[in-house]
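# Predicted structure and sequence below. I'll ask about it afterward.
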Amino acid sequence: SQQGEEDPQALSIQEGENATMNCSYKTSINNLQWYRQNSGRGLVHLILIRSNEREKHSGRLRVTLDTSKKSSSLLITASRAADTASYFCATDSDNQGGKLIFGQGTELSVKP
Amino acid sequence: GAGVSQTPSNKVTEKGKYVELRCDPISGHTALYWYRQSLGQGPEFLIYFQGTGAADDSGLPNDRFFAVRPEGSVSTLKIQRTERGDSAMYLCASSFQGPNTGELFFGEGSRLTVL
């Protein structure tokens, strides 16, 4: 079963614009992670935010976490064509027995 | 190599055949995970090893699927009597300990096609 649900399912923007992807989850978490996947490739870890954190930055990435709403968002600022990929959130919860559960992903297309 | 290695990268087989997919994790990583991903979907959890033992195999869809990690390093995912519905990308990942300690490192996947 999938814990996280991303929205939108697909997002198309122009280079230089910001991209925002959202993730909602159902049960309380220890941490939430975001991953990126280029077409036909493996996943690459982007950022981890713990349940006691509200915001985290890494380069052009900004992640927020609202545990009261059970939601997270990933913001990519000043997007580039090379940011074109699928983005997944994944949650780690005590009731998941030590495994990460992934959402369905947001497919981001950045047009030059 | 420095990363997670998966072989084969592509496997085409016929319905009913037996398939083995191999994963070589990052050296020193005690946790190893198998996920399955269908086109346009997120990775679906199959099984998680901590050392040599399967800590959680609740994601294996049925008894045709089995995975081993006999020496706590390389893992093999075995699929018996393959069906067309088994066609997917099979992803392996490893981490230093369990997921509470941080990120998973993924291999490039093994794409299985069952004709």
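Thanks, I have the structure now.
# the strands in chain B, which residues?
B:5-7, B:10-13, B:19-24, B:31-37, B:44-50, B:53-56, B:65-68, B:75-79, B:88-95, B:105-106, B:110-114 (DSSP state E).
# Next secondary structure after whatever helix or strand A:Ile13 lives in?
Taking DSSP states H and E as the criterion, A:Ile13 maps to strand A:10-14. Remark: after strand A:10-14, the chain's next helix or strand is strand A:19-24, criterion DSSP H and E.
# other SSEs contacting that next one?
Here strand A:19-24 touches strand A:5-7, strand A:10-14, strand A:71-76, strand A:106-111, going by 3 or more CB pairs under 8 Å, 6 or more residues apart in numbering or on different chains; DSSP states H and E. For the C-beta atoms, the positions are set from N, CA and C on the backbone; glycine is no exception.
# Of all those, which one is nearest A:Thr84?
Each of the helices and strands packed on strand A:19-24 has some distance to A:Thr84 by CB to CB; the shortest is strand A:106-111, at 5.0 Å.
# relative to strand A:71-76, how tilted is that closest one?
Interaxial angle, strand A:106-111 versus strand A:71-76 (axes from the mean of the first three to the mean of the last three CA atoms, to 10 degrees): 20 degrees.
# Now do the buried residues in strand A:106-111.
Within strand A:106-111, the residues that qualify as buried by neighbour count (16 or more other CB atoms under 10 Å in any protein chain shown) are A:106-108, A:110.
# Any chance of JSON lines for the residues you listed, columns distance to A:Lys26 and pLDDT?
Shown next, in JSON lines, are the buried residues of strand A:106-111 (distance: CB to CB, whole Å; pLDDT from 0 to 100):
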{"residue": "A:Thr106", "distance to A:Lys26": "18", "pLDDT": "96"}
{"residue": "A:Glu107", "distance to A:Lys26": "22", "pLDDT": "96"}
{"residue": "A:Leu108", "distance to A:Lys26": "24", "pLDDT": "97"}
{"residue": "A:Val110", "distance to A:Lys26": "30", "pLDDT": "97"}
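# if we can go back for a sec, can you tell me the strand partners of the strand holding A:Ile13 and which way each runs?
Strand A:10-14 has its sheet partners listed here by DSSP bridges as strand A:106-111 (parallel).
# quick revisit: so which bits of the strand holding A:Ile13 are buried?
In terms of neighbour count (16+ other CB under 10 Å), strand A:10-14 has its buried residues at A:11, A:13.
# Give me the contacts around that strand.
Outside strand A:10-14, the residues that touch it by CB atoms under 8 Å, 6 or more residues apart in numbering or on different chains are A:19, A:21, A:79, A:106-111.
# Report the beta-bridge partners for A:Thr91.
Counting by DSSP bridges, A:Thr91 forms beta bridges with A:Leu32, A:Ile101.
# check contacts around B:Gln37.
Per CB under 8 Å, 6+ apart, neighbours of B:Gln37: B:43-44, B:88-91, B:109.
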